[in-house]
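1. quick one, what's the 3D model for this:
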Amino acid sequence: MTPRLVRNVSRSAWLIYGLTIIHHVYGAIAFDTPWRHHAAFLGLGGAAATLLFMWGATHWQTPARRHVATVLLLALTLVLAVGLIGVFEGGYNHAVKLLLFFGGAGAETMSRLFPPPTYEMPSDRFFEATGVLQLLAAGVAARASLALRRGRQESAASPERSASYRSTAGRTNTNR
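-> Coordinates of the predicted model:
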């Protein structure tokens, strides 16, 4: 596992969190729906947790702690950034809505699948674009997460890593 792979996952997650903050703050103002601000706080929390896990995955001294931080980074990225924000918010709430709307779905179908006031029918290009960009960014984050997972598997199987674990496993702290 390289720190570069950890940084790639973190940066792609931050992209999603940044987009969701911009998207929801803009939507709250543009559509006079202040309740949308909650997603900005979710994005800020996700960004902060990503920073913490990234730091742990690249700076903690023991391999076990780095492993836990990396697993937490991957879980947070895949569940929150990719799943909830990217696939649900960007995919269903925006991409599917746009496809149905411009594909000719009737008003009854649209209001049943996307009930107001929670959903806005497409009327603002910036709002819809930032919404769909969350889905595209989720693809980048999913790919970066897969590369990190593969990198972890390859480093776990490498003889150098196993040898380094064996050479440090029997050491005791003599500075008491």
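2. contacts and neighbour counts: CA atoms only from here.
-> Will do.
3. now for the chain, the helix or strand with the poorest mean pLDDT.
-> The helix or strand of the chain with the poorest confidence is helix 159-169; it has a mean of 43 (mean pLDDT, DSSP states H and E).
4. okay, which residue is most central for this protein?
-> Note on the chain: the residue nearest the mean C-alpha position is Ala81, at 2.3 Å, using C-alpha atoms, centre = their mean.
5. for that one, give me its contacts.
-> Applying C-alpha atoms under 8 Å, 6 or more residues apart in numbering, we find Ala81 in contact with Ala13, Ile16, Tyr17, Gly46, Ala138, Ala141.
6. the residues you listed in strands, which ones?
-> The members of the contacts of Ala81 all map outside strands under DSSP state E.
7. I'd like those residues as CSV, with distance to Pro3, pLDDT and neighbour count appended.
-> Shown next, in CSV, are the contacts of Ala81 (distance: C-alpha to C-alpha, whole Å; pLDDT from 0 to 100; neighbours: other C-alpha atoms under 10 Å):
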residue, distance to Pro3, pLDDT, neighbour count
Ala13, 15, 98, 33
Ile16, 20, 98, 30
Tyr17, 21, 98, 28
Gly46, 20, 98, 21
Ala138, 21, 98, 26
Ala141, 16, 98, 27
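8. where's the closest residue to Leu80 other than its chain neighbours relative to Ser10, distance?
-> In space, not counting the residues next to it along the chain, Leu80 is nearest to Gly46; the distance is 7.6 Å by C-alpha to C-alpha, 6 or more residues apart in numbering. Gly46 sits 10 Å away from Ser10, taking C-alpha to C-alpha, to the nearest Å as the criterion.
9. again, but for Gly83
-> Between Gly83 and Ser10 the distance, using C-alpha to C-alpha, works out to 15 Å.
10. more neighbours: those two, which one.
-> More crowded of Gly83 and Ser10, by other C-alpha atoms under 10 Å: Ser10, with 24 against 18.
11. residues contacting that one?
-> If a contact means C-alpha under 8 Å, 6+ apart, then Ser10 has Thr50, Leu51, Met54, Leu73, Thr77 as its contacts.
12. for the lengthiest helix in the chain, what is the distance to the chain centroid?
-> With residue count as the measure and DSSP state H as the assignment, the chain has helix 125-157 as its longest helix. Relative to the centre of its chain, helix 125-157 is centred 7 Å away, using C-alpha atoms, centre = their mean, to the nearest Å.
13. quick one: buried residues of that helix?
-> In terms of neighbour count (16 or more other C-alpha atoms under 10 Å), helix 125-157 has its buried residues at 127-128, 130-142, 144-149, 151-152.
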